[in-house]
Structure formats: structure tokens, C-alpha cells
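J.: the following block contains a protein sequence and its predicted model.
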Amino acid sequence: MNQRLFTLLALGFGALLVLQAALGGWLFFYNIGISPHEITAHYAHKSFHGLVEVLLPHTLFIGIALMVVLHFFSFIDVISSNTRTRFTHFLFTLYVFDQLSVVPIMMGYEMFAIVKLVAFIGFELTLAWLWIWIFKITLIQLRGYAPSGL
């Protein structure tokens, strides 16, 4: 595959991922809301069964997506192994807080709505930043530029 076609496909895929992150954020805020009160009200009426119906597919598919993106992230040589490990733990921690903060919200602990909101925004922004970073490094290395100064 020639370099131009690869660059075009990589940019298109990157744009698709950024669009997915933007739509995911918009759907969250449109369906649930942005204030802690709206988040609490949304999850207060969920049953445990309804929660499992949402968490199970999210855990499966987001886990696969994280495995793929962090696999690509492991090949970036301009970042130290220690920094990559910390970043990976940070991303997984945000994901766990995002998904599991719903349980205490359902139990009536409204303060966890703030945890849910911060974790969701942090996870989406961090994941989008990571994809952009991976594509940037890949395109720079593909063009033969030195990766210094990134």
C-alpha cells in the first residue's frame, strides 16, 4: 500500500474515532444530562438487572477497544515504559470509576454522580487524546521524520 493511501486511511479512521467520541459524549449529555442531579435522577430508577444489561456490553466492547488502543500505544518509543504504564493504569482507573460509580448512585449516594461525570469526561478525553497521539506518531514515523520534540 502506498504512503498516500495509508495516510488517507489513517486520517479517515482517526476522524471516525474522534466523531465516535464526540457522539458518545453528546448522547450521554442528551440522554442523562450534565448536572449531578440529572445523573442521579437517571440512575435512581434503574434496576440491578437494567444496570447489568448496560454494564456487560460496555465492559466487553470497551475492554476490547482499550486492549487495541493500548497495544498500539505500547509501540510508541518516544514515551518511556514507566510513563506508558502509568497512563494505562490511569485510563483503566477512569473507566472503572465511570462504569462502577453507577452502583452507589443507585443506592442513593448522590455524591457519586460527580465521580461519574468527571470519570466519563476524563475517560472520553483521554481516550480521544490517545488515539490522536498514536496517529500523529504513526504518520510522523511513516513520513520518515525524527520523533524528537513531541
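T.: That came through, no problem.
J.: so in this structure, where's the weakest helix or strand by average pLDDT?
T.: Within the chain, no helix or strand scores below helix 3-31, which has a mean of 79 by mean pLDDT, DSSP states H and E.
J.: which secondary structure elements does that one sit against?
T.: Judged by 3 or more C-beta pairs under 8 Å, 6 or more residues apart in numbering; DSSP states H and E, the packing partners of helix 3-31 are helix 112-143. Where C-beta positions appear, they are placed from N, C-alpha and C, glycine not excepted.
J.: so the least confident helix or strand of the chain versus helix 112-143, what angle?
T.: 170 degrees (axes from the mean of the first three to the mean of the last three C-alpha atoms, to 10 degrees).
J.: next SSE downstream of helix 3-31?
T.: helix 36-44 (DSSP states H and E).
J.: so which bits of that following helix are buried?
T.: Pro36, Ile39, Thr40, His42, Tyr43 (16 or more other C-beta atoms under 10 Å).
J.: so who does Leu139 touch?
T.: By C-beta atoms under 8 Å, 6 or more residues apart in numbering, Leu139 lies in contact with Thr7, Ala10, Leu11.
J.: which of those residues lies closest to Met67?
T.: Nearest to Met67 among the contacts of Leu139 is Ala10, at 19.7 Å by C-beta to C-beta.
J.: what number of residues lie near that closest one?
T.: The tally of other residues near Ala10 (other C-beta atoms under 10 Å) stands at 15.
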